[in-house]
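1. model the structure of this input:
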Amino acid sequence: MSARVRAIAATVVAPLLFWGCAVGPDFLRPAPPATDRYTADPLPTQTASAAVSSGAAQHFVTDRDIPAEWWAVFHSAALDALIKEAIAANPNLSAADAALRQARELRKAGEGAFFPLVQGGFSASRIKTTSQLSAPTAVGGVFYYNQYTPQLSVSYVPDVFGATRRTVEGLAAQEEAQRFQLEAAYLTLTSGLVGAFVGEAELRDQIAAVEEIIRAQRESLGILRRQLSLGQAAGADVAAQEAALAQAEATLPPLQKQLAQQRDLIAVLLGRLPSNQPNVKFDLGSLQLPQDLPVSLPSKLVEQRPDIRVAEENLHAASAAIGVAIANMLPQINLTGDFGTSALTIGSLFGPGTAFWTLAGSATQTLFDGFTLLHKKRAAEAAFDEAAAQYKVTVLTAFQNVADTLEALKSDADALKAAVAAETAAKTSLDITQRQLSLGAVNYLALLNAQQTYEQAVVNRVQAQAARLADTAALFQALGGGWWNRADVAGQVWGR
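-> Below you'll find the model as predicted:
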């Protein structure tokens with residue numbers, strides 16, 4: 001290699017010696033909130049209990065891990081089968097998975113900038129030179145000739161200031177964000193299906209309670225009509241009972257409508273059309289209330305919640321964008337090389353004197369652009385501040401979700417205990433009133449009041465049972481759902 005070639009090579013390669021530092025901030029993961037609990041007051045050791053289905057006392061177990069299939073704690077084979085089908089067929093999961101694959105390929109495409117771009121070309125041309133030239137271009141005085149030129153072009157942009165590394169860093173962060181979006185979709189689907197399951201069970205139990213009340217009121221109406229025929233009851237009492245029966249019957253269609261809509265929801269979550277609903281029917285008695293509830297440490301919640309991890313990766317991508325903006329303000333270096341041959345016939349392409357090559361290096365520094373690059377850098381810094389604020393909001397909301405759910409679980413247990421006691425008392429009162437009415441000891445108004453009180457007590461009890469189950473599922477959702485224990489992700493590094 002000649003001295004001139006070595007000098008050119010040294011000139012264009014020298015910038016590579018400085019490749020090793022990337023401008024812009026290095027991302028640091030935000031520290032978890034400095035707190036050791038979620039609620040203002042310490043959690044009790046256990047909740048209240050009641051002698052009814054879903055009435056067992058629940059215990060809060062600090063720092064207990066969450067199983068991947070957390071819904072299995074309800075011990076319902078029907079629920080397990082539904083969730084298995086939903087995971088396999090729900091289109092939201094398919095869409096989130098496709099988005100993750102897209103983000104992965106975009107990150108890999110960005111990594112291509114670390115390598116030279118090599119392109120091959122071939123050109124063939126037919127040329128006529130002018131006869132007025134004193135020395136014709138063609139050999140032997142021929143003015144028509146062919147020219148063939150195969151050529152290899154190489155270009156490379158050395159990552160001197162880390163623009164490429166920061167770009168890939170941002171793409172990798174976006175890939176991780178999409179990965180946690182997939183986990184969020186997975187958690188939303190499973191928790192939504194558990195909620196729909198509980199919702200259908202609650203509605204079925206409410207409908208059963210209302211139907212029982214309607215049956216009892218029809219019996220009362222029959223008694224009153226017989227008493228009216230014997231002159232032992234007033235027509236006003238019969239009319240009042242007919243109105244009460246009609247009022248109870250009027251509560252049934254709205255519940256049936258809600259049940260039909262709940263069934264439609266379950267079908268769609270399963271990836272089916274509403275017309276293709278599952279055959280299985282659910283009731284509250286088919287679900288077992290878990291007695292030991294996990295309460296993750298607050299410092300672990302930021303690791304477990306998919307929405308927090310998404311916000312963190314968005315913050316990471318915004319940090320990398322600042323580095324890209326800074327690198328764009330610095331000299332832009334480009335290395336190019338062309339290698340090839342050119343001849344008048346294909347057979348002589350690789351003969352002596354046909355080769356040519358070019359090595360070139362360039363460095364361009366923007367001197368004035370109307371402060372465009374400066375404002376882009378400031379915009380990137382503002383985007384980082386926005387992402388930081390959004391991350392904080394996400395963390396605060398997550399802690400609020402957990403705190404709200406823990407408070408709800410305590411209140412739900414108290415509410416169910418009170419509802420069971422109220423139902424028991426209302427049933428006793430109704431039985432006594434019915435016996436007294438048959439003996440003529442009380443008027444019909446007393447029976448009507450007792451029936452209405454009992455009807456509301458039954459509905460309140462069913463709602464309290466469902467609330468305990470629903471809020472238990474909400475706690476598992478609020479704590480992240482145990483995705484980190486799934487077999488398909490256990491061996492992966494999640495944003496570390």
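2. residue 118 should be in a strand, yeah?
-> Yes: applying DSSP: H, G, I helix; E, B strand; the rest coil, one finds residue 118 inside a strand.
3. touching, it and residue 151? I think so.
-> No: contact criterion CB atoms under 8 Å: residue 118 and residue 151 do not qualify, at 11.5 Å. In this view, the C-beta of every residue, glycine as well, is placed from N, C-alpha and C.
4. what about the two, which has more around it?
-> The neighbour comparison of residue 118 against residue 151 (other CB atoms under 10 Å) goes to residue 151, with 17 against 11.
5. sticking with the residue nearest the centre of the chain, tell me its helix or strand.
-> In the chain, the C-alpha nearest the mean C-alpha coordinate belongs to residue 184, at 2.3 Å (CA atoms, centre = their mean). Residue 184 is part of helix 163-229 when elements are defined by DSSP states H and E.
6. what's next to the helix or strand following that helix, contact-wise?
-> Counting by DSSP H and E, the next helix or strand C-terminal to helix 163-229 is helix 235-250. Applying CB atoms under 8 Å, 6 or more residues apart in numbering, the external contacts of helix 235-250 come out as 210, 213-214, 217-218, 220-221, 224-225, 228, 443-445, 448, 451-452, 455.
7. any idea which helix or strand comes after helix 235-250?
-> Downstream of helix 235-250 (by DSSP H and E), the next one is helix 252-269.
8. would you mark the buried spots in that next one?
-> 255, 258, 259, 262, 263, 264, 265, 266, 267, 268, 269 (16 or more other CB atoms under 10 Å).
9. equivalent analysis for stretch 280-291, please.
-> 282, 284, 286, 287, 289, 290.
10. which of those residues lies closest to residue 335?
-> residue 290 (63.8 Å; CB to CB).
11. pLDDT weak spots in this protein?
-> 1-20, 130-142, 489-496 (pLDDT under 70).
12. please, where are all the helices along the stretch 1-150 of the chain?
-> 3-13, 77-89, 91-111 (DSSP state H, counting those that start in this stretch).
13. quick revisit: mark which of the buried residues of stretch 280-291 are part of strands, please.
-> Among those, none falls in strands (DSSP state E).
14. which of those lies closest to residue 484?
-> Looking across the buried residues of stretch 280-291 and measuring by CB to CB, the closest to residue 484 is residue 290, at 19.6 Å.
15. residue contacts, the closest residue to the closest one other than its chain neighbours?
-> Excluding the flanking residues, the one nearest residue 290 by CB to CB, 6 or more residues apart in numbering is residue 73, at 4.0 Å. Contact analysis of residue 73 by CB under 8 Å, 6+ apart lists 67, 290, 476.
16. pretty sure the first one sits against residue 481.
-> No: under the criterion of CB under 8 Å, residue 67 lies out of contact with residue 481, with a separation of 9.6 Å.
17. start to end distance for stretch 27-35?
-> Distance across stretch 27-35, first residue to last, is 24 Å (CA to CA, to the nearest Å).
18. returning to what we had before: of residue 67 and residue 481, give the one with the bigger neighbour count.
-> residue 481 (26 against 14).
19. in a helix, residue 273, correct?
-> No: counting by three-state DSSP, residue 273 is not found in a helix; it is coil.
20. in this structure it contacts residue 267, no?
-> Yes: with contact defined as CB under 8 Å, residue 273 reaches residue 267; the gap is 6.7 Å.
21. from the contact counts, what lies against whichever helix or strand residue 307 is part of?
-> In the assignment (DSSP H and E), residue 307 maps to helix 306-327. Packed against helix 306-327 by the contact rule (3 or more CB pairs under 8 Å, 6 or more residues apart in numbering; DSSP states H and E) you find helix 163-229, helix 298-304, helix 372-438.
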